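A.B. asks: give me the fold of what follows.
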Amino acid sequence: MRIFPSLAIALTILTASSCKQTTKESSSEKVSEDTTTIKQDKDMNVLFVLTSHDQLGDTGKKTGFWVEEFASPYYTLLDKGAHITIATPKGGAAPVDPTSDAPDAATEATKRYDKDEQAQARIADTKKLSDMNPDDFDAVFYPGGHGPLWDLANDSTSIALIEKFYSQDKPVAFVCHAPAALKGVKNSDGTLLVKGKKVTGFSNKEEAAVGLTDVVPLLVEDMLIESGAKYSNGDNWEPYVLQDGLLITGQNPASSTGVAEKLLEALK
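C.D. replies: The predicted structure follows:
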């Protein structure tokens, strides 16, 4: 157990903060950091929206959400005191893309998730998206995986929810294939939300690399460009994150942490 100055202890007890100091600081610095964490613990309510779709087109194979794209942002936010709610279009169990659960896709975040019975229980019993009220949250985050290409890209409830978050000046974040959920999302004046904005998402080159160009119902890169977005991407499988105001997007699984970090900054 670490020993804190009395004022920091009082603040920590009052707020149930899990803030941990990793370097030696003066008492005033500790108090300042604890106060910041208190604000975050109280203010950060984030909605995670995952896919309910589990069929990879007509291939006979399964799909769903990509574990890393959920796990890394989940723990990045959770460890900073965020209160996270998980929802899907159908509610209940969110399907995991089996490819993302393979040993060669493992990361520190996925390994933590594999041992986290509470997180797994939440994935097995998600809330129904239509029951979610944007007024109850400070931000929304969409993990990817191929599943969103089939359901969230055309889900009227999801579209309306994103529009409401954005109209309330709240951050909206997406990674990999999840920017497909921006298809059809509009501003209050009727223009497409992504028009003229800097965005990224799973690239055509990456889709070709995984051999699914002719399987998926839409290509994220093409959809964003056709919607008038200022799309760009980095090298295959390398982190690439863009933020344009309240809109935060990441290119691929490696971009998950970067998207979560930008979302944290936007919530301060």
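A.B. asks: just the element for the residue nearest the centre of the chain, please.
C.D. replies: When C-alpha atoms, centre = their mean is applied to the chain, the residue found nearest the centroid is residue 141 (3.5 Å). Per DSSP states H and E, residue 141 falls inside strand 139-142.
A.B. asks: what about that strand, distance to the chain center?
C.D. replies: For strand 139-142, the separation from the chain centroid amounts to 5 Å (computed by C-alpha atoms, centre = their mean, to the nearest Å).
A.B. asks: against which helices or strands is the helix or strand following that strand packed?
C.D. replies: Following strand 139-142 in sequence order, the next helix or strand is helix 156-167 (DSSP H and E). Judged by 3 or more C-beta pairs under 8 Å, 6 or more residues apart in numbering; DSSP states H and E, helix 156-167 is in contact with strand 139-142, strand 172-175. (Glycine included, C-beta is placed from N, CA and C.)
A.B. asks: tell me which of those sits most buried.
C.D. replies: strand 172-175 (a mean of 29; mean count of other C-beta atoms under 10 Å).
A.B. asks: what's in contact with the helix or strand following that one?
C.D. replies: Once strand 172-175 ends, the next helix or strand along the chain (criterion: DSSP H and E) is strand 198-199. Residues outside strand 198-199 that contact it (C-beta atoms under 8 Å, 6 or more residues apart in numbering): 179, 182, 224, 229, 230, 231, 232, 242, 243, 244, 247, 249.
A.B. asks: partner strands of strand 198-199 and their direction?
C.D. replies: Using DSSP bridges, strand 198-199 pairs in its sheet with strand 230-231 (parallel).
A.B. asks: could you dump the helices and strands packed on helix 156-167 to CSV with mean pLDDT and distance to residue 162?
C.D. replies: Formatted as CSV, the helices and strands packed on helix 156-167 follow (pLDDT from 0 to 100; distance: least, C-beta to C-beta, whole Å):
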stretch, mean pLDDT, distance to residue 162
strand 139-142, 98, 7
strand 172-175, 99, 6
